[in-house]
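Student: Coordinates only, no sequence provided:
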């Protein structure tokens, strides 16, 4: 049985994890939007926002270790603490990939895009929706929502395949398109990986709630 003090500490970890969801959503939104609008200065400032995510990750990690060492939680509580610590690592990676996207945006600069930005914003929108729904699943302890959210990663993967195919075609048409084409492929790849990390988060939510370690997709 959870004592009130332990429950309070777990709830504190949850609240800080929810803040990481918000920060991860914000940094992803801004990094891709800086690409859409060619806002190079905004792209250069993305790394500072990632520092906030790293600080939250460190806090959750340290409190998790402290909680396990001092309170010696049992069964479900121990599982929940482990799952939250794992989620914060996944969220931290989303922040890193968002920074990577902003680095590619700076490389492109004010160049005209070799192909219209259609599918990259779509990938971003799906990832943002996944982050929001995963956060909601954690808040509501809703394992069904977590599972259905993870399934959306298939849409991200399909868009990645489309971008990969179309970008390679444009690169083959003109040699001058190669450098930017490589950058486009990197951005798409980072978004595809973000989808994977959100899926991992959803799997951890399900694990925390019912104790089953499943792989979705």
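Tutor: Noted; the coordinates are in hand. All figures in this text were calculated on a predicted structure; none of them were measured in a lab.
Student: ok, now how distant is the residue nearest in space to the middle of the chain from residue 68?
Tutor: To find the centre residue of the chain, average its C-alpha atoms and take the closest one (CA atoms, centre = their mean): that gives residue 94, at 3.5 Å. Taking CB to CB, to the nearest Å as the criterion, residue 94 is separated from residue 68 by 25 Å. C-beta: built from backbone N, CA, C; applies to glycine.
Student: cool, and residue 192?
Tutor: In this structure, residue 192 lies at 34 Å from residue 68, with CB to CB as the measure.
Student: now do residue 199
Tutor: Here residue 199 is placed at a distance of 26 Å from residue 68 (CB to CB).
Student: of these two, who's got more company?
Tutor: residue 199 (24 against 15; other CB atoms under 10 Å).
Student: which SSE is the more buried one in?
Tutor: Per DSSP states H and E, residue 199 falls inside helix 178-210.
Student: now that helix: mean pLDDT?
Tutor: Helix 178-210 shows a mean pLDDT of 97 in the predicted model.
Student: For stretch 202-217, buried residues please.
Tutor: If you call a residue buried by 16 or more other CB atoms under 10 Å, then stretch 202-217 has these buried ones: 202-209, 216.
Student: ignore the last one, stretch 146-156
Tutor: For stretch 146-156, the buried set under the neighbour-count rule, 16+ other CB under 10 Å, comprises 146-147, 149-150, 152-153, 155-156.
Student: contacting residues for residue 18?
Tutor: Residue 18 makes contact with 135, 138-139, according to CB atoms under 8 Å, 6 or more residues apart in numbering.
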